[in-house]
Structure formats: C-alpha cells, structure tokens
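Asks: Let me see the structure of the following:
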Amino acid sequence: MCEIHENNPKSNTKTISVADAVGTVLAHDITEITPGQFKGCAFRKGHIIQPEDVTHLQRLGKEHLFVLDVKPNEMHEDEAAYALANALMGEGVKIQGDPREGKINIIAKRSGLLKIDRELLHQFNMSGDIMCATLHNNTVVKEGQTVAGTRAIPLVVKKEVIECAVAIANNGHKIIEVKEIRRPKVGVVITGNEVYYGRIQDAFGPVIKKKLEEYGGEVSGIYFAPDDESYIEARLRELIDAGCDLLITTGGMSVDPDDVTRFAIRNLGASDITYGSAVLPGAMFLIAYLDSSTQPSALSAQIEEKDRQSQITHYASRVTVLGIPACGMYHKTTIFDLMLPRVLAGEKIGRKELAELGHGGLCMNCEVCRYPVCPFGKG
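Replies: Numbers count the residues shown, from 1 in each chain. Here you go, the predicted model:
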C-alpha cells in the first residue's frame, strides 16, 4: 500500500494570461457553447496553445488559463492512465481509445465471464491519487462492453504513486480479465416419480434447456428417471458415454427418503462433492466432478480428446455434475444462474466458492426479475 499524497492539487499548474499562453500546455478542457448550435470541447487538456487560438479563447471569455508545469518526478494524467490500465489488464480485455479527461476505459476483447481480483483492486485503490472502478466480479459480458475505468485523479501525479499502484497490479495475476465461456455438451436427467410415471408434466426441462442455449450449449440428451438411484446412475453413465462433458440432474436434492439423486451421483464415482450453498433460492444445490483418471477407459479417452481440442485447458480433465434443486423449476433466477457461467469458464467450484455467495446471495423475489441487473449473487 502506498502512503503518498499531494497536498496542493494546483502545485503543478500555473496561471498565465491568454495573451502570453502561446506555446504552453493547457491544463484543462475548455468547453464552447453556441446556443442552439454547439456544445462541446473547444480545447482539450494537453493542447499546445497556438497563435490563432488566442482570439478564439478570448471569444470564449477566457483572459487567463491554467497551464501545466510537469516536473521530472511527475507524470501527466494521460500518461499515468496508460500505465495504470496496462498494469490492470489480463487476458480478454483491452484499452478503448485514447484517454479522455485523464480517464481510460477498459473493454471486453471477447464475450465471456468478467473476473476481478477484489482484494488486489482494493489494495490498488488504497494507493491514493489513482482509481479504478469495475463491474462486479463474475458478470457475464459481451465483446466491446466497458468493464472498468481507471485514471489518475490530479492533473499531475507523482511517478512514485503510479509505480506503487503498478507494482500492486502486477502482483501475481492481473486484476481484470475476461474468461472464455465454453459451449458445453450437456446431458440432463430429470428425476422424480411424479414426472416419470406421468402424474404431472415436467417443467424442469424447458427451463434448463433455455438457460443452456443462452451460452450456446448443446443438449445431447434428456432422460426422465424415477426416484431410484441405480436407474439415475445408469442414465448418467449413458450420457457420459454419449460424450457429455456437463451433467445436470434436477430434483431429488432434498432430505426426503425418496430424494436419492445425490447418492446416484456419488455412486457414479464423482469426487469433490459439495452439497449445499449459501444462496436462496438454491441452498440444496450440489456440484461434483468426475475425474478422468478414476473413470473407465472409454470415458477417459473421450475426456482426453476434449483436452486436445479445448482451449480452456483447466476444465477439460473433468466432467462437472450439477444437481439442481426444485427451486430451479419455478424461480426465475437461482444458484444455477450464478454457477453455470463460472463452470463454463473453467472454474473449480467447491465449498469456499459456494460459501462466499452468502453475502448478496438472497434473492429479493422482485415482481419483475431484473437479474443480472440486481445485487443477487454479487456480494
């Protein structure tokens, strides 16, 4: 953390008569307003005053200007903004154009999942005289979308401040990045005697399919299964044999005697099973992984082939299993909406990640759902 402060924000500027300003560097933007015709910037900060500018400035009512006096141990805000942005950016983001009023926007270079290192961002912003504001961590963004903005706050900033902030941003991985979201090949098993025996109509399938399609997912198969763990396990194996790399089960995640879906997932040989999340709706969510090294050779061969083909290398050695509780059928937004993009971006989700969702993990059940433009899941 830096403890460097500039007490006098005008110490790097001086006031000069417009008539004497030719050849000096303007320290601030100057706006021109012509009623009914024009309102905008007539002269930008950093502009070198030319002889022909003098009468124009005087027409705008200017008799004196602030001009910059940048010392060797200082940095102009535009130069500082470039240094800060380049230090903040990881993969999947880029700078948008030139600095405007000392600020640089950072945009998504590709569609995907925005990842923000919140702890490093906090340290960065504690540097003083600089700032960076971002969208929330784990926001799904489109290519070209603005995800962050950074700037030096004074017109002229100490180089030492910038060097300190850059060092924080370069501490390990980058603070801002956009991860690629892969297109999954999905198998779904909808459990429950009431649906399997035709007592009620399934309502889970259309919901799951619609949400997967938003990420370009391919649903390879949907099976219906009674509350029988052997039957459910057999259907899941068939979907694995069909090449699915994401398995989704619905229902059977509660604690009733007939709720056996999680036992079927365990019998499948899944590892790292995490049952329960700090989210409402979605407390009885389950996530588990099938590791290629513990699976039959046919599955291992399929996963290894995906490894070779995929560019998201850190997910491909495993098949992810998501257990969606009944809330996923009738709540518009649930834990499934929070977890799906993160799983598809290659994150390994466990107890820690599910526990972190508690702050902000309570859906407000608005009459009209505005997710993702709401606080749900953004703690």
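
Asks: ok, residue 209 - contacts?
Replies: Residue 209 makes contact with 188, 219, 222, according to C-beta atoms under 8 Å, 6 or more residues apart in numbering. Heads up, the C-betas are built off the backbone N, CA and C, glycines and all.

Asks: Okay, and which of these map to strands?
Replies: Cross-referencing the contacts of residue 209 against strands under DSSP state E gives 188, 219, 222.

Asks: pretty sure the first one contacts residue 250?
Replies: Yes - contact status for residue 188 versus residue 250: in contact at 7.1 Å, counting by C-beta atoms under 8 Å.

Asks: Could you name every residue contacting both of the two?
Replies: With C-beta under 8 Å, 6+ apart as the test, residue 188 and residue 250 both reach residue 208.

Asks: about what we covered before: using JSON lines, please lay out the ones in strands among the contacts of residue 209 together with pLDDT.
Replies: Output for those, formatted as JSON lines (pLDDT from 0 to 100):
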{"residue": "188", "pLDDT": "97"}
{"residue": "219", "pLDDT": "94"}
{"residue": "222", "pLDDT": "96"}
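
Asks: which among those end up buried?
Replies: For the ones in strands among the contacts of residue 209, a burial check counting by 16 or more other C-beta atoms under 10 Å picks out 188, 219, 222.

Asks: Closest one to residue 69 out of those residues, please.
Replies: residue 219 (64.8 Å; C-beta to C-beta).

Asks: secondary structure element for the closest residue to residue 51 other than its chain neighbours?
Replies: Leaving aside its sequence neighbours, residue 51 sits nearest to residue 22 (C-beta to C-beta, 6 or more residues apart in numbering; 5.4 Å). For residue 22, there is no host helix or strand (DSSP states H and E).

Asks: from what I can see residue 22 touches residue 55, true?
Replies: No - if you go by C-beta under 8 Å, residue 22 and residue 55 don't touch, sitting 11.7 Å apart.

Asks: Looking at those two, which is more packed in?
Replies: A side-by-side neighbour count of residue 22 and residue 55, using other C-beta atoms under 10 Å, places residue 22 first with 13 against 10.

Asks: Over to that one: give its phi and psi.
Replies: Backbone torsions of residue 22, given as degrees, to the nearest 10, read phi -60, psi 130.

Asks: ok so, going back, what separation do you get for the residue nearest to residue 51 and residue 125?
Replies: According to C-beta to C-beta, to the nearest Å, residue 22 and residue 125 sit 39 Å apart.

Asks: Can you show me the CA trace of the helix or strand hosting residue 87 as PDB?
Replies: In this assignment (DSSP H and E), residue 87 forms part of helix 77-88. Extracted as PDB, the C-alpha positions of helix 77-88 are listed here (Å, rounded to 0.1, in the frame of the first residue of the first chain):
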ATOM      1  CA  GLU A  77      -2.600  12.200 -16.000                       C
ATOM      2  CA  ASP A  78      -2.900  10.800 -19.600                       C
ATOM      3  CA  GLU A  79       0.500   9.100 -19.400                       C
ATOM      4  CA  ALA A  80      -0.400   7.800 -15.900                       C
ATOM      5  CA  ALA A  81      -3.800   6.400 -17.100                       C
ATOM      6  CA  TYR A  82      -2.000   4.400 -19.800                       C
ATOM      7  CA  ALA A  83       0.400   2.900 -17.200                       C
ATOM      8  CA  LEU A  84      -2.400   2.000 -14.800                       C
ATOM      9  CA  ALA A  85      -4.600   0.400 -17.500                       C
ATOM     10  CA  ASN A  86      -1.800  -1.700 -18.900                       C
ATOM     11  CA  ALA A  87      -0.900  -2.900 -15.400                       C
ATOM     12  CA  LEU A  88      -4.600  -3.800 -14.600                       C
END
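
Asks: Toward the C-terminus, what is the element adjacent to that helix?
Replies: Using DSSP H and E, the helix or strand that directly follows helix 77-88 along the chain is strand 93-100.

Asks: mind listing the helices for the stretch 51-200 of the chain?
Replies: Taking DSSP state H, counting those that start in this stretch as the criterion, the stretch 51-200 of the chain carries its helices at 53-59, 77-88, 118-125, 159-169, 193-196.

Asks: Quick check: which helices or strands does the helix or strand where residue 249 lies pack against?
Replies: Residue 249 belongs to strand 246-250 when elements are defined using DSSP H and E. Strand 246-250 is packed against strand 185-191, helix 204-213, helix 229-241, helix 261-267, strand 318-324, with contacts defined by 3 or more C-beta pairs under 8 Å, 6 or more residues apart in numbering; DSSP states H and E.
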